[in-house]
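Undergrad: Please find the sequence and the predicted model below.
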Protein chains: 4
Amino acid sequence: MAQTISLKTEADADSAVAKAVAGVIAAGRAAALRHWVPATSGNFSVRIDAGRIAITRSGVDKGNLVASDILIQPLDEALLPGSSAEAELHTALYRQRPEIGAIFHAHSPAATVLSRLALGEATVRFTGWELQKALAGVRTHEAIVDVPVFANDQDISALSGRVDARLAQPAADAIAAPGYLLAGHGVYAWGATEADAARHLEALETLFEFELSYRRFIP
Amino acid sequence: MAQTISLKTEADADSAVAKAVAGVIAAGRAAALRHWVPATSGNFSVRIDAGRIAITRSGVDKGNLVASDILIQPLDEALLPGSSAEAELHTALYRQRPEIGAIFHAHSPAATVLSRLALGEATVRFTGWELQKALAGVRTHEAIVDVPVFANDQDISALSGRVDARLAQPAADAIAAPGYLLAGHGVYAWGATEADAARHLEALETLFEFELSYRRFIP
Amino acid sequence: MAQTISLKTEADADSAVAKAVAGVIAAGRAAALRHWVPATSGNFSVRIDAGRIAITRSGVDKGNLVASDILIQPLDEALLPGSSAEAELHTALYRQRPEIGAIFHAHSPAATVLSRLALGEATVRFTGWELQKALAGVRTHEAIVDVPVFANDQDISALSGRVDARLAQPAADAIAAPGYLLAGHGVYAWGATEADAARHLEALETLFEFELSYRRFIP
Amino acid sequence: MAQTISLKTEADADSAVAKAVAGVIAAGRAAALRHWVPATSGNFSVRIDAGRIAITRSGVDKGNLVASDILIQPLDEALLPGSSAEAELHTALYRQRPEIGAIFHAHSPAATVLSRLALGEATVRFTGWELQKALAGVRTHEAIVDVPVFANDQDISALSGRVDARLAQPAADAIAAPGYLLAGHGVYAWGATEADAARHLEALETLFEFELSYRRFIP
């Protein structure tokens, strides 16, 4: 019986890995179709279980991922060989927030340009867009929603520390969006499930596009 | 004989339902291909008969609709479980206007941004575009065509009342477009048939894109 | 023998019609893929022989043309039932210029917006773009290339007369582009063959896009 | 044995030609899907060996290349009949730089417009974009990366000489991008392999798009 249970558990674990890997591949393909991950940029991860994630390896085309492009990264161990340096931004967030099931990072023109324009205020603040309601926890277009903006940094540990510190202390007068911007770099978006993270990424990218267009008229 | 007729009528009704459901699915897919319904936004309905419509359920991806994502909503009954709150904007319009056969609602960047810019005047007024002629009742680019703009409101009953009141009193010096804008939200477009509503949606979205681009030069 | 020759001639004529119809269908599909013919706008024709053209019927979706959407219009007869009023702009040009083999008309955002901005000067004047060389007769980016801009007019006979008069008297200091703009309406482009007309349409649309973007910086 | 080796060498050479031709066809198709080679513009080459390249013939649609559209050009001989005049820009660069394996040239709107805006400074200077790191030799968004901008010239030999001279003397305070711009014309991008050239082309085009959008706000 014990052996049967063990085998079943192992098969379940294999299935959870396969499901997470398939989720990463699908997320990469969807982002590439929108041209949000140009020139092998971007990275995508899906949680397997409490201790592991599936995450894209460094330097591969996110629109044509195959299983061997995905690393199975334990959350409490050093980054595996072939990891993107930015994988640490994923693992830190998964460790801090057990409710997060997927994290997607992209480099769209709207996110990248708006992030530089907004770096001075350290925040992109949304209000008045119905599409805000696609973000978890937002019930009305009248809500004020904050997307933190961080200066980009090649020291990912230092950057990750600043992200953790800021996310732990959201603004009192706004709802925290399920994502943040790195200036001149792109957006990180997450959700409880792959579908939530994909919806959040599309909503945020579209809101950035709205906002950037709107600011051409209303500076 | 009576039974035969009854069966035939029932088959016809089934066929009308199936046709309306297929129309909703096709309209959602066409809008998603243009990125006009990001992050599960938008809703689409087609009239089945005098008393019923087929309409998208809340929270589903409009680019990948299946039959179970479509509700068969009687026009004189409360909204079905799973309805979008905005379904009331559809049912109210179908009740007021027996000639309407389909209503499509989308969130394109051009419609969404222009609607906020134009909220002060409560109208987007088109003139001078040949494409205006794709709207029913418009015969020349010299026509003045009005698209009402309403402040967005999470109280859909109140909003629906304001829409009904305004549509009942169109401007005397302009042709009323087969559609309106909700500020920061998107466009509602309709037509006598699914093809008319689809043509009106594409014409309005393109006219919004023209107008937004033009206003960058001629404020 | 005479009969054999006659049959062969008839078969050739049938083949010329079929080739022209196929050319119209392909041109419509290519333009629709670029969103240049929204909401059933645009029209497309290909010359069959000295006296006839194949041309799109009014009010059909140019991205999904079938053979029955194409009319076989004699150049010296009244417009056939189902014709677009604008068919007269095609037939007049084919009569004036035996060297023209195809005429394509589209409503892209760049052409439509730029045409209104340029109506005051009655011309869009290009210089300094390498892509100008895709237009027949242009050998250098230093050439000055003129695209006439006409006020739009629902009186197509009057408009056609103005087009003919202006095209007959091109500016002395510029090369005449194989196309013209109707303000707030769109572009007409032509060429000796379907391939030439398609290349000219794509070159002009892209040049309009360059020019519109450039004018945001250098008014 | 000698004969066997010889045959093997010949087969290898054939295979190298076929591989380079396939690389050119794939690069053209990828660029066409982005609308970066409108109206038969652009040209694409891949090195076969130390003395030969595969390069697109003049005047063909780069999105639908077939093997007969590709010329096998020796680097130390005159341009073959059917060559684009710009082929000389390719051959000169391959001769100067043995490490280059592929050169791709495109006419995107962002590159074409930005190149004219930047001609006065003769350089597009990037800094602050994470995507810079997709360019070989760039390790941080803080790097200053220079893309030289040359006035366009129909005298390709003269232009090629100016390109060679400038590339031989890069700015001391910046990293030289693997590419340059011709004003009002487009971008040339290269890399050690086809994959590198494709990544560099996509990175540069996206950076031009970022920069052009950013300059609308921060002139």
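TA: Cool, the structure landed.
Undergrad: For the nearest residue to A:Pro170 once chain neighbours are set aside, grab the count of nearby residues.
TA: Nearest residue to A:Pro170, sequence neighbours excluded (C-beta to C-beta, 6 or more residues apart in numbering or on different chains): A:Ala176, at 4.0 Å. Every C-beta, even on glycine, is put in place using the N, C-alpha and C of the backbone. Residues within reach of A:Ala176, counting by other C-beta atoms under 10 Å in any protein chain shown, total 17.
Undergrad: Next up, phi/psi of A:Gln73, please.
TA: For A:Gln73, the backbone dihedrals are phi -100, psi 120 (criterion: degrees, to the nearest 10).
Undergrad: beta partners of it?
TA: A:Ile53 (DSSP bridges).
Undergrad: Local confidence estimate at it?
TA: A:Gln73 is assigned 98 on the pLDDT scale.
Undergrad: returning to that earlier point: unless I'm mixing things up, the residue nearest to A:Pro170 is touching A:Leu167, no?
TA: Yes: judged on C-beta atoms under 8 Å, A:Ala176 makes contact with A:Leu167 at a distance of 7.2 Å.
Undergrad: Downstream of the lowest-mean-pLDDT helix or strand in chain A, the next helix or strand is which one?
TA: When each helix and strand of chain A is scored by mean pLDDT, DSSP states H and E, helix A:2-33 comes last, with a mean of 84. Using DSSP states H and E, the helix or strand that follows helix A:2-33 towards the C-terminus is strand A:43-49.
Undergrad: Give me the helices and strands touching the least confident helix or strand of chain A, please.
TA: Other elements packing on helix A:2-33 under the criterion 3 or more C-beta pairs under 8 Å, 6 or more residues apart in numbering or on different chains; DSSP states H and E are strand A:43-49, strand A:52-56, strand A:70-74, strand A:102-106, helix A:194-215.
Undergrad: again, only using 6 Å
TA: strand A:43-49, strand A:52-56 (3 or more C-beta pairs under 6 Å, 6 or more residues apart in numbering or on different chains; DSSP states H and E).
Undergrad: how about a markdown table for these, with mean pLDDT, mean neighbour count and distance to B:Pro219 added?
TA: Shown next, in a markdown table, are these (pLDDT from 0 to 100; neighbours: other C-beta atoms under 10 Å in any protein chain shown; distance: least, C-beta to C-beta, whole Å):
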| stretch | mean pLDDT | mean neighbour count | distance to B:Pro219 |
| --- | --- | --- | --- |
| strand A:43-49 | 98 | 25 | 41 |
| strand A:52-56 | 98 | 25 | 44 |
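Undergrad: Those strands: which one's closest to B:Ala27?
TA: Closest to B:Ala27 of the helices and strands packed on helix A:2-33, according to C-beta to C-beta: strand A:43-49, at 30.8 Å.
Undergrad: Centre of the chain to the closest one, how far?
TA: Distance of strand A:43-49 from its chain centroid, counting by C-alpha atoms, centre = their mean, to the nearest Å, is 10 Å.
Undergrad: Please compute how far stretch A:43-50 lies from its chain's middle.
TA: Offset of stretch A:43-50 from its chain centre (C-alpha atoms, centre = their mean): 10 Å.
Undergrad: Run the contact check for it versus chain D.
TA: No: judged by C-beta under 6 Å from any C-beta of the partner chain, stretch A:43-50 and chain D are separated, with a smallest distance of 11.8 Å.
Undergrad: tell me the pLDDT at the residue nearest to A:Glu99 when sequence neighbours are not counted?
TA: Of all residues not flanking A:Glu99 in the chain, A:Ala192 sits nearest, at 5.7 Å (C-beta to C-beta, 6+ apart). Listed pLDDT for A:Ala192 reads 98.
Undergrad: burial count for A:Ala192?
TA: For A:Ala192, the neighbour count with other C-beta under 10 Å is 16.
Undergrad: What's the separation between it and A:Ala111?
TA: Per C-beta to C-beta, to the nearest Å, A:Ala192 is found 22 Å from A:Ala111.
Undergrad: Kindly report the same for A:Arg199.
TA: Taking C-beta to C-beta, one finds A:Arg199 at 16 Å from A:Ala111.
Undergrad: More neighbours: those two, which one.
TA: Taking neighbours as other C-beta under 10 Å, A:Arg199 and A:Ala111 compare with A:Ala111 leading, 27 against 23.
Undergrad: right, is the helix or strand encompassing the more buried one up against chain B?
TA: Here A:Ala111, judged by DSSP H and E, is contained in helix A:109-117. No: Helix A:109-117 stays clear of chain B (C-beta under 6 Å from any C-beta), getting no nearer than 9.3 Å.
Undergrad: outside of that helix, which residues touch it?
TA: Residues outside helix A:109-117 that contact it (C-beta atoms under 6 Å, 6 or more residues apart in numbering or on different chains): A:149, A:181, A:183-184, A:186-187, A:208-209, A:212, D:209-210, D:213-214, D:217.
Undergrad: among these, which are in reach of chain B?
TA: With C-beta under 6 Å from any C-beta as the criterion, the contacts of helix A:109-117 include A:Glu209 near chain B.
Undergrad: Max pairwise distance over the contacts of helix A:109-117: which two?
TA: Checking these with C-beta to C-beta, the most distant pair is A:Val149 and D:Glu209, at 20.1 Å.
Undergrad: can you pull the contacts of A:Glu130?
TA: A:Glu130 is in contact with A:His141, B:Asn152, B:Gly184, B:His185, counting by C-beta under 6 Å, 6+ apart.
Undergrad: What about the closest residue to the third one other than its chain neighbours, how many residues nearby?
TA: Ranked by C-beta to C-beta, 6+ apart and with sequence neighbours excluded, the top spatial neighbour of B:Gly184 is A:Gly128, at 4.4 Å. Here the number of neighbours of A:Gly128 (other C-beta under 10 Å) works out to 18.
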